[in-house]
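Trainee: this is a predicted model, with the sequence first.
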Amino acid sequence: MSKVREVSKLATKPLGGSERHLRRRSSRMRPSAPLLLLAAYPGVAAQRPTLEQFEEAVRLQPTAAGAYSNLGAALRSAGRPEAALEAISTALELNPQYARGYNNLGNALQSLGGTERLEEAVRAHSTAIALSPTLASAYSNLGNALRSLGRPAEAAEALQAAIALDDVNGPAYTNLGIAYAAAGQPTRAVHFSAIGVAMQPASVEAHNAYGAALEAALRPAEAAEAYESGLILSPNSPVLLTNLGGAYKDAGRLNDAIRVLQAALELQPVGVQAARAYNSLGAALQADGQMELALDAYASAVGAAPAVDAGPAAFGQTTGAGIGATAQSNLDKLPISSAYRAAAARESAALARRAASVSLAAWGAARAGQSARRLGLRGSRSGGDLLAVKLHAVIRYLRRLETGQLSPGPAGEPHPHAAALWRRRAGEMPEAIGKSSADGLGIPGDGGGADSPYTLGAFAWGGVWLDSFAGALSHPAVRAALHGATGKKGGGSAVVLGSSLGFEAYAIALSHGIPTVGVEILCSLSELARDIQAAVRAPAELNRFECADALAFSLPKDTRLVYCDDTAWDAHALTALAAKLGDELPPGVAVVHNQPHGFNADGRFRLLQVVEVATSWNIKHPVLLVLVPGFREFPRTPLSGAGWRVSKYGELEHSQRAGLGQRRSWRWRGSRRASWVAEVGRACRGV
């Protein structure tokens, strides 16, 4: 089959993922209509004709469809798409079979924006292809329209056809890279975007697209270099400065990110682009420990973003309304925000009610001459407070610390723990970002290269509300693992990977009485966790905190439960984590984690259940419970009960028709052997 026949079939069939038209290279195509028009103007071959010259051409050739079509293209370039539509419509009235006229019509419709206009543009470009199957620019423009409609796979096929017809079309390579990035294929995006830069070294758009592709491939340092190259060509571009600031932030260069983003805001202080810059600035300030300034930046982003979008967003950017929603979400999950503080207060109240119920039940047991421990009311091995009481005290202190509500010193100075938290963390992150125990994996298709470091996103801060987190430990297999560590034969332990200050580590240890080790890559946080443990007198025999990379930490041989705080981990790290746990954990160990990547493709794990827990970023955040299968099997809990399932692509999907699942409230239920204890507990749940 000839190339022309092969490519022309795309005009009459739905676009898909085929790449057959890339097998052959095309010969040079004839020049486009604007280039043909240049020959009519001697002495201006080195520059594009002016709008006045196009208008003069129409006056001289009032029945020439090409003259009106070229005038429409010129009007569109001048920012007058409505006038362009009128001129191009005249061209098509003069010649209804004029393929280039339909192509220009599609471009004008794209300039107007909006879903309806974009759909019309797709039809116009498809008509141009049907009339002229070798018109490369029509395929390229069709690809751009499809990408704007959120159909990147079809866009990629159209752009591949454009390259097959014209293999020196630099913008088509750039746009193909953009389409692949939008389709979640960052490796191909980087490849084609790099070709686009090589063919258009003076194109700002090509450098910007290449940087965005590198960011999608989790290569922020290289992305920053691409944006810097674009800024050499256009030093005062707010878009490039904003993107460069984001790349600096992801690479851990927080001071540079703040400086560049502030420069972008000086150039464009209002509008959608300003909202994007404010949002990135807020994230950089938050990572740098400047919480009050981050709060102001996020609020400014919300105020600058429009409520309704005027059109589709450029590649690598969120729509105006979308960036407003993102900034609001970032604001709400900022620890010092009113929303975060309110959620932390609700959690503390729930834990206080639980502690009161347990305390009253223990008091009743003592009055009746019963042993509180025999009734399941745990205290530390060294005596002292009941574990439920200690859990409330510890978590309340940690929440007050992270939300900036600890009482200052006698002279008004910040509390020592508050002064140490954010600034020390910010100072340590850049070094940690440059390291990764997963380096050299070279996992194909996951966005990581052969040497993929962590990015700043892996260190995102968020709160898991522990009154809801208990639901993640309620599955029979998880309960059996916990019972095996605390029963008569005992001797087991739990591990929390990515423990931060120890929230989940305390939740497991002080609610189930199982020794738990928290592992944190940022040594400043693990040191602070140990200081806080001593200050609040938390049982040392139940919790310890170590500074180590989770991917290099040697799991204790008696591990019965692993919780992975991996919500924001990079793809290559998730794959390495699943491989590590599969290699080191014995049968029967339960793993509670947040991301299916890596685990869903490893046959050594069996998915038990998806449980929804409340967090600062999602009130129904899905948590996955998996088991290393052993001799004792447990019935599989139907995933449809929680409305979640893992797709064939390894992503979590939710069914709106499914129920909310088995969410269990965290309250003490007393002992089945002593009904009066349960009655006391029920009576005190409202305390």
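Mentor: It's in.
Trainee: where in this protein is the helix or strand with the lowest mean pLDDT?
Mentor: helix 33-38 (a mean of 31; mean pLDDT, DSSP states H and E).
Trainee: beyond that helix, next helix or strand please.
Mentor: helix 51-60 (DSSP states H and E).
Trainee: distance check, the most centrally placed residue in the chain against Arg147.
Mentor: With distances taken as Cα atoms, centre = their mean, the chain has Ala568 as the residue nearest its mean C-alpha position (7.4 Å). Distance, Ala568 to Arg147, using Cβ to Cβ, to the nearest Å: 27 Å. Where you see a C-beta, it was placed from the backbone N, CA and C, and this is true even at glycine.
Trainee: which parts of the stretch 351-500 of the chain are helices?
Mentor: Assigned by DSSP state H, counting those that start in this stretch, the stretch 351-500 of the chain shows helices spanning 387-402, 416-433, 466-469, 476-486.
Trainee: skipping adjacent residues, who's closest to the residue nearest to the centre of the chain in space?
Mentor: Ala460 (4.1 Å; Cβ to Cβ, 6 or more residues apart in numbering).
Trainee: right, and that neighbour touches Thr567 too?
Mentor: Yes. With contact defined as Cβ atoms under 8 Å, Ala460 reaches Thr567; the gap is 7.5 Å.
Trainee: quick one: Phe459 from Gln533, how far?
Mentor: 22 Å.
Trainee: kindly report the same for Leu466.
Mentor: For Leu466, the distance to Gln533 - Cβ to Cβ - is 17 Å.
Trainee: which of the two has more neighbours?
Mentor: With neighbours defined as other Cβ atoms under 10 Å, Leu466 and Gln533 compare such that Leu466 has more, 25 against 22.
Trainee: hmm, back to that, deepest of the helices of the stretch 351-500 of the chain, which one?
Mentor: helix 466-469 (a mean of 23; mean count of other Cβ atoms under 10 Å).
Trainee: work out the gap between it and the centre of the chain.
Mentor: Centroid separation for helix 466-469 versus its chain: 23 Å, with Cα atoms, centre = their mean, to the nearest Å.
Trainee: could I have the CA atoms of that helix written out in PDB?
Mentor: Below are the C-alpha coordinates for helix 466-469, written out as PDB (Å, rounded to 0.1, in the frame of the first residue of the first chain):
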ATOM      1  CA  LEU A 466      -6.500   8.600  63.100                       C
ATOM      2  CA  ASP A 467     -10.100   8.200  64.300                       C
ATOM      3  CA  SER A 468     -10.700   7.100  60.700                       C
ATOM      4  CA  PHE A 469      -7.400   5.300  60.100                       C
END
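Trainee: so, low pLDDT: which residues of the stretch 201-350 of the chain?
Mentor: The stretch 201-350 of the chain contains residues with pLDDT under 70 at 307-321.
Trainee: now the helices for it?
Mentor: 204-216, 220-233, 238-250, 254-267, 272-287, 291-304, 320-332, 338-367.
Trainee: cool, the stretch 51-200 of the chain as well?
Mentor: So, for the stretch 51-200 of the chain - with DSSP H, counting those that start in this stretch - the helices run 51-60, 65-77, 81-94, 99-112, 115-131, 136-148, 152-165, 170-182, 186-199.
Trainee: packing partners of the first one?
Mentor: Identification of packing neighbours for helix 51-60 by 3 or more Cβ pairs under 8 Å, 6 or more residues apart in numbering; DSSP states H and E yields helix 65-77.
Trainee: so what touches the helix it packs on?
Mentor: 33-34, 36-37, 49, 51, 54-55, 57-58, 60-61, 81, 83-88, 90-92, 94-95, 98, 100-101, 104-105, 107-108, 111 (Cβ atoms under 8 Å, 6 or more residues apart in numbering).
Trainee: in ChimeraX, select just the buried ones from those.
Mentor: Per 16 or more other Cβ atoms under 10 Å, the buried members of the contacts of helix 65-77 correspond to this ChimeraX selection:
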select :33,34,37,49,54,55,57,58,81,83,84,85,87,88,90,91,92,94,95,98,100,101,104,105,107,108,111
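Trainee: any figure for the gap between Asp558 and Gly588?
Mentor: From Asp558 to Gly588 the distance is 12 Å (Cβ to Cβ).
Trainee: and those two? which has more neighbours close in?
Mentor: Neighbour comparison, Asp558 and Gly588: the larger count goes to Gly588, with 18 against 14 (by other Cβ under 10 Å).
Trainee: tell me the SS of the more buried one?
Mentor: Assigned with DSSP: H, G, I helix; E, B strand; the rest coil, Gly588 falls in the coil class.
Trainee: next: Phe545.
Mentor: strand.
Trainee: do I have it right that it meets Thr516?
Mentor: No. Applying Cβ under 8 Å as the test, Phe545 and Thr516 come out as separate, 9.6 Å apart.
Trainee: so what sits against both of the two?
Mentor: With Cβ under 8 Å, 6+ apart, Phe545 and Thr516 have common neighbours Ala505.
Trainee: how much space between Pro96 and Tyr139?
Mentor: Counting by Cβ to Cβ, the gap from Pro96 to Tyr139 is 21 Å.
Trainee: quick check, pLDDT for the residue lying closest to His191 once chain neighbours are set aside.
Mentor: Of all residues not flanking His191 in the chain, Gly177 sits nearest, at 7.3 Å (Cβ to Cβ, 6+ apart). On pLDDT, Gly177 comes in at 95.
Trainee: residues near Gly177, how many?
Mentor: Gly177: 31 neighbours (other Cβ under 10 Å).
Trainee: which stretches of this structure have low pLDDT?
Mentor: In the chain, residues with pLDDT under 70: 1-47, 307-321, 371-384, 434-454, 485-490, 630-687.
Trainee: OK, contacts around the nearest residue to Gln97 once chain neighbours are set aside?
Mentor: The spatially closest residue to Gln97, leaving aside those adjacent along the chain, is Leu131, at 5.9 Å (Cβ to Cβ, 6+ apart). Leu131 sits next to 97-99, 102 when contact means Cβ under 8 Å, 6+ apart.
Trainee: so Val536 touches Ile395, yeah?
Mentor: No. Using Cβ under 8 Å, Val536 is not in contact with Ile395; the gap is 9.9 Å.
Trainee: overlap in contacts, the two.
Mentor: In contact with both Val536 and Ile395: no residue, using Cβ under 8 Å, 6+ apart.
Trainee: contacting residues for Val197?
Mentor: 174, 203, 206-207, 210, 226, 229.
Trainee: among these, who's most crowded?
Mentor: Ranking these using other Cβ under 10 Å puts Tyr210 first, with 30 neighbours.
Trainee: that one contacts Glu228, doesn't it?
Mentor: No. With contact defined as Cβ under 8 Å, Tyr210 and Glu228 do not form a contacting pair (11.5 Å).
Trainee: excluding its backbone neighbours, what's nearest Thr615?
Mentor: Here the residue nearest Thr615, using Cβ to Cβ, 6+ apart, is His621, at 4.4 Å.
Trainee: oh sorry, the question was meant for Glu86
Mentor: Gly72 (7.8 Å).
Trainee: cool, and Thr455?
Mentor: Asp250 (4.8 Å).
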